[in-house]
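In: sequence first, then the predicted structure, then my questions.
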Amino acid sequence: MRYDKGQKEATRNRIIEAAAMRFRRDGIKAVGVASLMSDIGLTQGGFYNHFASKEDLAREVLIEALAATRERLAAAGMAADGLAPLVNFYLRAQHRDHPENGCAAAALAADVARGPLATKAAFTAELRKTVTLIGERLPKSMKPKQRRETAQAIFASMMGTLVLARAVDDAALSDELLAAGRRAALALASPEQTS
């Protein structure tokens, strides 16, 4: 059966959306093509009409999911000047508790690190854009290299905080980690902290 281009693109987007949620929740390796396709009411064979491989899908998911995270961070950052709205949005309990809808970088970085170079390249390109977004929220007095390095440290701190807050089995400790991570990320943004 042949489908028109609009329907094929809609199906491809459904696969990407379902994979993005499953990958973030369960990890890339844990999600099989057959179960993923079954989740959206399609057969495994239909997958290959849209993607050459699971790794091809993983790259697409990373690109789209990291772009979506960036859009949410940018929207959160519009609430006020400075970095605090963005940091507070990222390091909140709701983000910790729902990895399936959260930052793909925090959820999938370990999988990407073990993956092929093409997937790492896609991740790297999107990561650079996120670092740029954070850098735009830093004090204008910072020089470009200082701004980039500080933005990298802030995002690494935020990601690490989120991963740790998700990994512990103590709710109070998890909340403390989120609070400490917010303070640490904001402290990194202070021009006095960098040189």
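Out: Right, received. Where do you want to start?
In: what does the worst-scoring helix or strand of the chain on mean pLDDT contact?
Out: Ranking every helix and strand in the chain by mean pLDDT, DSSP states H and E puts helix 44-47 at the bottom, with a mean of 89. Contacts with helix 44-47, where a contact means C-beta atoms under 8 Å, 6 or more residues apart in numbering, come from 11, 15, 33, 34, 36, 37, 38, 57. Yep, even glycine has a C-beta here, placed from its N, CA and C like the rest.
In: got the CA positions of it in CSV?
Out: C-alpha atoms of helix 44-47 as CSV (Å, rounded to 0.1, in the frame of the first residue of the first chain):
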residue,chain,number,x,y,z
GLN,A,44,8.5,-3.7,12.4
GLY,A,45,8.8,-3.9,8.6
GLY,A,46,7.3,-0.4,8.3
PHE,A,47,10.2,1.0,10.3
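In: okay, the helix or strand where residue 62 lies in CSV with CA atoms only?
Out: Using DSSP states H and E, residue 62 maps to helix 54-77. Coordinates of the C-alpha atoms in helix 54-77 are reproduced here as CSV (Å, rounded to 0.1, in the frame of the first residue of the first chain):
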residue,chain,number,x,y,z
LYS,A,54,18.0,2.0,14.8
GLU,A,55,21.1,4.2,15.0
ASP,A,56,19.7,6.4,12.2
LEU,A,57,16.6,6.8,14.3
ALA,A,58,18.7,7.5,17.4
ARG,A,59,20.4,10.4,15.6
GLU,A,60,17.1,11.9,14.5
VAL,A,61,15.7,11.6,18.0
LEU,A,62,18.8,13.3,19.5
ILE,A,63,18.6,16.1,17.0
GLU,A,64,14.9,16.8,17.6
ALA,A,65,14.8,16.1,21.3
LEU,A,66,17.8,18.3,22.0
ALA,A,67,16.3,21.1,19.9
ALA,A,68,13.1,20.7,21.8
THR,A,69,15.0,21.0,25.1
ARG,A,70,16.7,24.1,23.9
GLU,A,71,13.3,25.6,22.9
ARG,A,72,11.9,25.0,26.4
LEU,A,73,15.0,26.4,28.0
ALA,A,74,14.8,29.5,25.8
ALA,A,75,11.1,30.0,26.7
ALA,A,76,11.9,29.6,30.4
GLY,A,77,14.7,32.1,30.1
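In: residue ranges with poor pLDDT in the protein?
Out: 1-5, 191-195 (pLDDT under 70).
In: show me what the helix holding residue 62 is packed up against.
Out: helix 5-26, helix 84-90, helix 104-113, helix 117-136 (3 or more C-beta pairs under 8 Å, 6 or more residues apart in numbering; DSSP states H and E).
In: this completes my enquiry, with thanks.
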